[in-house]
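*Asks:* Quick check, what structure comes out for this input:
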Amino acid sequence: MNIRSLTFLSALALSLGACTGDDTGDTESTTTATTTSPTTTDTTTSDTTTTTTSDTTTTTSDTTTTTSDTTTTTTTAGESDSTTTTTTGGLEQSCDAYCDLYLSACADFTEYDNKEACVAQCDQWPLGEADALDGDSLGCRIYHATVADSTDPNVHCPHAGPSGDGVCVDEGAPDCGSYCDIYFQNCTDKNDVYEGDAAACMSACVDWYAGSADDVDGDTIGCRTYHAGAALGDPELHCPHASPSGGGVCVVG
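*Replies:* Numbering: from 1, shown residues only. Below is the predicted model of the structure:
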C-alpha cells in the first residue's frame, strides 16, 4: 500500500471518529418523570333501615251464652263406700215443703208431734243454700230428708231433724255437754229438774236445735245454756228457762 492510500484511510478514519464523538457529546440524557397521582376513592356506605309497621285492627265479637245451671250434689254416705248423687229435685225451700217431706220420709221418727210443731221449729232455722250437705240450715235438712226418702232414713232422718245430728249444725255451736255442766253448777236442789242425773240431762238435750251462743230466747240449746249461766245470780228465775220446758222463754215463738 502506498503512502497516499494510507493517508486517505487515516483521514477517513478520523472523519468517522469525529462524527461518532459529536453524536455522543450532543446527546442529552432525558429523564422522564412519571408522576402517579394517587387517587383516593371514598366509598360511603349508606345504611338505610326501613321499618314498616302494619297495624291490623281485629274486632272480636263477644257472644253471651246463657247456660241454665243444674245443681248436682255428690255425697258419700257415712257407713257406705259408694258415692250417691242426689239433689232435692227443685223442692221449694220452705218450712211447709220441708215438713211435708220429713213427715213422709221419716214417719218412724218422733221429732215432731204434728206438722204445726214441725213448722214452728223450722221457723228458727236459717234458710241456707239448696242441697247443702252440712251446716245449720233449712237447705241442709231438706237435702237429707230427700236422701232419707229414697236411700237410708235411719242415717239421714236424724240429720234432717232439729238437732242436725252433728251434720246439719254449725261448727262451734252450743252443745249438750256444756249445757248440762253449767246447769248442774247453778241449778241445784229444788231448781234441778234432772235431780242431778247427767244422763237424763243429755237425753233431753240431744234432740234440741243448737241455735247460737247469743240466743236469749227460742227453743235452742244456746238459749238454755245462757239461762243456766244466768241462774248463778238468780236460780229461781233462770233455772226454769234453762229446763227442758224452756219456762216460757226458751220455746218456739
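*Asks:* which residues of the chain fall in strands?
*Replies:* Under the criterion DSSP state E, the chain contains strands at 73-76, 83-86.
*Asks:* Only the buried residues of stretch 161-170, if you could.
*Replies:* Residues 161-165, 167-169 are the ones in stretch 161-170 that count as buried (16 or more other Cβ atoms under 10 Å). Using the backbone N, CA and C atoms, a C-beta is placed for each residue, glycine as well.
*Asks:* Quick one: neighbours of the residue nearest to L127 when sequence neighbours are not counted, just the number.
*Replies:* Excluding the flanking residues, the one nearest L127 by Cβ to Cβ, 6 or more residues apart in numbering is L138, at 5.3 Å. Per other Cβ atoms under 10 Å, the neighbour tally for L138 reads 23.
*Asks:* Check G128 too.
*Replies:* G128 has 18 neighbours, counted by other Cβ under 10 Å.
*Asks:* what's the closest non-adjacent residue to it?
*Replies:* In space, and not counting its chain neighbours, G128 is closest to S137: 2.2 Å by Cβ to Cβ, 6+ apart.
*Asks:* In contact with the one you found: list those residues for me.
*Replies:* 125-129, 168 (Cβ atoms under 8 Å, 6 or more residues apart in numbering).
*Asks:* thinking again about what came up before, would you single out the least confident of the strands of the chain?
*Replies:* The minimum mean pLDDT among the strands of the chain belongs to strand 73-76 (a mean of 33).
*Asks:* just the helices in this protein please.
*Replies:* 3-25, 95-105, 115-122, 138-150, 153-160, 176-186, 198-205, 221-230, 235-242 (DSSP state H).
*Asks:* Output those as JSON lines; include the columns mean pLDDT and distance to G248.
*Replies:* JSON lines is the format used below for the helices of the chain (pLDDT from 0 to 100; distance: least, Cβ to Cβ, whole Å):
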{"stretch": "helix 3-25", "mean pLDDT": "46", "distance to G248": "165"}
{"stretch": "helix 95-105", "mean pLDDT": "97", "distance to G248": "23"}
{"stretch": "helix 115-122", "mean pLDDT": "97", "distance to G248": "15"}
{"stretch": "helix 138-150", "mean pLDDT": "96", "distance to G248": "26"}
{"stretch": "helix 153-160", "mean pLDDT": "97", "distance to G248": "28"}
{"stretch": "helix 176-186", "mean pLDDT": "98", "distance to G248": "18"}
{"stretch": "helix 198-205", "mean pLDDT": "98", "distance to G248": "17"}
{"stretch": "helix 221-230", "mean pLDDT": "98", "distance to G248": "11"}
{"stretch": "helix 235-242", "mean pLDDT": "98", "distance to G248": "8"}
